[in-house]
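Enquirer: The sequence and its predicted three-dimensional model are supplied below.
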Amino acid sequence: MIQLIEFVYRLLWGDLFSIPLPGGGSLQLSFMVVLLIPAGIYFTIRTRFLPVRMFPEMLRVTLDKHPQREGGALSSLQTLVVATATRVGMGNLVGVVAAISAGGAGAVFWMWITALIGSSTAFVEATLAQLHKEKDPLYGGYRGGPAYFIRDFFAARHPESAKKRRCPMAVLFAISGLICWCGISQVIGNSVSSAFYNAFSIPPLYTTIILVVIAAVIVLRRNATVKVLDLVVPIMAGCYFFLTIFLIIKNASLLPAVFSRIFQEAFGLRQAVAGGFGAVLMNGVKRGLFSNEAGSGSAPCAAAAADTDHPAKVGLLQALGVFIDTIVICSCTAMIMLLAPESTVAGLEGMDLLQAAMDYHLGQFGVIFIALILWLFSFSTFIGILFYARSNIAYLFGDNWHSQTAYKLLALVMLFVGGLATYTFVWDLGDVGIGLMTIFNLAVLYPMSSEALASLRDYEARLKSK
């Protein structure tokens, strides 16, 4: 089984084939990159460059009034908070460090480009989730996501099977999601316990027990998840953002050199060999895809829960979520690293590298801050993925509390196990899950995108008529 998981992981995320580059280098492309980048470009063109053209409207929609909804329904902004909680995780810290370590500062530029085209994909999948949502009899409000619009897609084309509650591809998507989120739970536990051990020398067992107890108190209550995320996400993202702004102002004289390095290395101009361009490009692209999750079908599970007056509004907010995750939060980590002298971080990697950079900027406070912010990022991700799981569990097992609670307990067990030991095959399992989700999701996004585009045209027509 372990060998099978590793094989599928390599098939999805490993180098599928290479494109020769001038000078003897090559561009290594994985199957996921081949799927997601063309999709992002396609949807960016079909939406007429929505991330740039509609960016002011994305910001304006966040300021819309969000009255209290009845029956457990969420506002559009609340679903953005949930999606941001899961997007903003350890990948925004350790993942960015890994990308820059392997591909140089230029990887940051390609992360930005990936986020821009990924925003269009996020718009399409979130809008479809809104168009195909249904009432949630357990938690109140609405639910949905790819499993539901995949089901509706096949039901529309095969009316004779429309009475069936499930369709094979939708079932496979839902199962892939549950597998992915279990794997992520293990990674979260390991990341938090390791960070606290490095920063405070706290034994992993103690950190893990506290983490699991706090998580259990929240996730085992019916509707505590969104209330907690409404509080935690703005605080954690805001603290990280404003601390980075402080460091940028403090080191303002270094900014021209940092941005010059980013843009020069983005095209391999400062690389020692011509093949450096391939490493820079792929590390930036892969990190951007991992971080913002656009196209994977995760965020639509939250988008469907919104009670809104127009589906396109939710799509615009989820597109903004990709911007927040990659262009804001990932860039914060990049700036923290790149504003530190190279001699300070030479030979280090992962959390050690990031903590060394923060130690240079702020001393021991910086090391402690990074440990705490990683805890918040990871903890909010765990809470958010269990929100995603709700609709998929209901699709597979029906509307009952037994299956909902059983999955939450399984995720808590994985969180506990991950805090005590590293099982790399479980990490691969999470990546396999999200890879399979992406395949099933994109398979119907292309033919169903016309619905989302029609909703966008209707929304723009209403804006013009005001």
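Expert: Noted; the coordinates are in hand.
Enquirer: If you count contacts, what does the helix or strand encompassing residue 261 end up packed against?
Expert: Assigned by DSSP states H and E, residue 261 belongs to helix 255-266. Helix 255-266 is packed against helix 106-131, helix 276-292, helix 331-338, with contacts defined by 3 or more C-beta pairs under 8 Å, 6 or more residues apart in numbering; DSSP states H and E. Using the backbone N, CA and C atoms, a C-beta is placed for each residue, glycine as well.
Enquirer: now the strands for the stretch 1-150 of the chain?
Expert: According to DSSP state E, counting those that start in this stretch, the stretch 1-150 of the chain carries its strands in the segments 15-20, 26-30, 134-135, 142-143.
Enquirer: would a markdown table of the ones you listed with distance to residue 357 and mean pLDDT be doable?
Expert: Formatted as a markdown table, these follow (distance: least, C-beta to C-beta, whole Å; pLDDT from 0 to 100):
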| stretch | distance to residue 357 | mean pLDDT |
| --- | --- | --- |
| strand 15-20 | 29 | 70 |
| strand 26-30 | 28 | 70 |
| strand 134-135 | 47 | 90 |
| strand 142-143 | 42 | 89 |
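Enquirer: Quickly compare the ones you listed and say which is most buried.
Expert: Highest mean neighbour count of these: strand 142-143, a mean of 24 (counted as mean count of other C-beta atoms under 10 Å).
Enquirer: circling back to that earlier point, could the strands of the stretch 1-150 of the chain be laid out in TSV, adding distance to residue 373?
Expert: Output for those, formatted as TSV (distance: least, C-beta to C-beta, whole Å):
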stretch	distance to residue 373
strand 15-20	33
strand 26-30	29
strand 134-135	37
strand 142-143	31
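Enquirer: Contacts only, for residue 80.
Expert: 62, 317, 318, 320, 321 (C-beta atoms under 8 Å, 6 or more residues apart in numbering).
Enquirer: rerun that using 10 Å as the cut-off
Expert: Neighbouring residues of residue 80 by C-beta atoms under 10 Å, 6 or more residues apart in numbering: 61-62, 74, 126, 233, 299, 302-303, 306, 314, 316-321, 324.
Enquirer: Go through the residues you listed and flag which are in helices.
Expert: Counting by DSSP state H, the contacts of residue 80 place 61-62, 126, 233, 302-303, 314, 316-321 in helices.
Enquirer: What residues of stretch 211-226 count as buried?
Expert: Neighbour-count burial for stretch 211-226 flags 211, 212, 215, 216, 218, 219, 225, 226 (criterion: 16 or more other C-beta atoms under 10 Å).
Enquirer: Validate this expectation: the fourth one resides in a helix.
Expert: Yes. Counting by DSSP: H, G, I helix; E, B strand; the rest coil, residue 216 falls inside a helix.
Enquirer: Work out for me the element the closest residue to it other than its chain neighbours sits within.
Expert: With sequence-adjacent residues excluded and distances taken as C-beta to C-beta, 6 or more residues apart in numbering, residue 216 is closest to residue 412, at 5.6 Å. Taking DSSP H and E as the criterion, residue 412 maps to helix 401-420.
Enquirer: Quick check: pLDDT value at residue 319.
Expert: We have a pLDDT of 91 for residue 319.
Enquirer: most centrally placed residue in the protein?
Expert: Geometric centre of the chain, nearest residue: residue 87, 2.9 Å, by C-alpha atoms, centre = their mean.
Enquirer: Skip the chain neighbours and tell me the closest residue to that one.
Expert: residue 325 (4.1 Å).
Enquirer: So the one you found is in contact with residue 112, correct?
Expert: No. In this structure residue 325 lies outside contact range of residue 112 using C-beta atoms under 10 Å: 11.6 Å.
Enquirer: neighbour-wise, which of those two wins?
Expert: Counted by other C-beta atoms under 10 Å, residue 325 and residue 112 do not tie: residue 325 has more neighbours, with 28 against 19.
Enquirer: and that one, how far is that from residue 377?
Expert: From residue 325 across to residue 377, the span is 11 Å (C-beta to C-beta, to the nearest Å).
Enquirer: Now do whichever strand or helix holds residue 169: distance to the chain's middle.
Expert: Here residue 169 sits within helix 168-200, counting by DSSP H and E. Chain-centre distance of helix 168-200: 12 Å, with C-alpha atoms, centre = their mean, to the nearest Å.
Enquirer: Can you give me the buried ones in that helix?
Expert: Buried, per 16+ other C-beta under 10 Å, within helix 168-200: 169-196, 198-199.
Enquirer: swap in stretch 144-155?
Expert: Those would be 144, 145, 146, 147, 148, 149, 150, 151, 152, 153, 154, 155, for stretch 144-155 by 16+ other C-beta under 10 Å.
Enquirer: correct me, but the fourth one touches residue 298?
Expert: No. Under the criterion of C-beta under 10 Å, residue 147 lies out of contact with residue 298, with a separation of 11.8 Å.
Enquirer: Sketch out the low-pLDDT regions of the stretch 151-300 of the chain for me.
Expert: 159-165, 268-292 (pLDDT under 70).
Enquirer: which residues of the stretch 351-466 of the chain fall in helices?
Expert: Ranges of helices in the stretch 351-466 of the chain, per DSSP state H, counting those that start in this stretch, are 364-397, 401-420, 424-465.
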